[in-house]
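K.L.:
Sequence unavailable; structure follows:
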């Protein structure tokens, strides 16, 4: 059995800027592979082929591994955060939808239109559940969902793709 206490979902990213004052770096990675220039989803791409035309994700994190500008770093998010985010996104709104539909139906069960009121209660509960999910996501955003720097690649990988992005 694998110990998943410290398991991380990992990605490679390029350090694009560094702030010495608060010891943070801004990292960027592409949607396809490291740079986003090919559909080959490998991590063997050089950071020089980044282009503003490509879809990339940019995020700030603590520089715990003393990464330098244009170095490739391993960035991870705890695996348990994926399960928790799925629970918050799906189960919380569903719970409130069922609870509000049941409460509305129980209070209006003697009414001829109890089903209509239960449906309206379900819609209201679903909306309230999504609001609760958004509040929980904002609370947890800076804790377990915050990416962490796990390491720095010792060498700079070269791109195996012969088709490069137009400059």
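P.N.:
Thanks, I have it. Small disclaimer: the values here were computed from a predicted structure and weren't measured.
K.L.:
Run a quick neighbour tally on residue 118.
P.N.:
Residues lying near residue 118 (other CB atoms under 10 Å) number 20. Bear in mind the C-beta positions are built from the backbone N, C-alpha and C, glycine included.
K.L.:
Can you list phi and psi of it for me?
P.N.:
Main-chain dihedrals, residue 118, degrees, to the nearest 10: phi -60, psi -40.
K.L.:
Confirm for me that it is in contact with residue 111.
P.N.:
No - contact criterion CB atoms under 8 Å: residue 118 and residue 111 do not qualify, at 10.2 Å.
K.L.:
Go ahead and flag the most central residue of the protein.
P.N.:
residue 145 (7.1 Å; CA atoms, centre = their mean).
K.L.:
who touches it in this structure?
P.N.:
Shown in contact with residue 145 (CB atoms under 8 Å, 6 or more residues apart in numbering): 77, 81, 85.
K.L.:
Helix, strand, or coil at it?
P.N.:
Three-state call for residue 145 (DSSP: H, G, I helix; E, B strand; the rest coil): coil.
K.L.:
Pull up the gap between it and residue 130, please.
P.N.:
18 Å (CB to CB, to the nearest Å).
K.L.:
so who does the residue nearest to residue 72 when sequence neighbours are not counted touch?
P.N.:
Among residues not flanking residue 72 along the chain, residue 153 sits closest, at 4.4 Å (CB to CB, 6 or more residues apart in numbering). Neighbouring residues of residue 153 by CB under 8 Å, 6+ apart: 12, 71-74.
K.L.:
per-residue confidence at residue 45?
P.N.:
Residue 45 carries a pLDDT score of 55 in this model.
K.L.:
And residue 132, by the same measure?
P.N.:
On the pLDDT scale, residue 132 gets 95.
K.L.:
my read: residue 129 touches residue 96, true?
P.N.:
Yes - counting by CB under 8 Å, residue 96 is a contact partner of residue 129 at 3.2 Å.
K.L.:
ok, which stretches of the chain are helices?
P.N.:
Using DSSP state H, the helices of the chain run over 79-86, 92-107, 114-140.
K.L.:
Can I get these in CSV including distance to residue 21?
P.N.:
Shown next, in CSV, are those (distance: least, CB to CB, whole Å):
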stretch, distance to residue 21
helix 79-86, 28
helix 92-107, 38
helix 114-140, 26
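K.L.:
Right, I'll leave it there.
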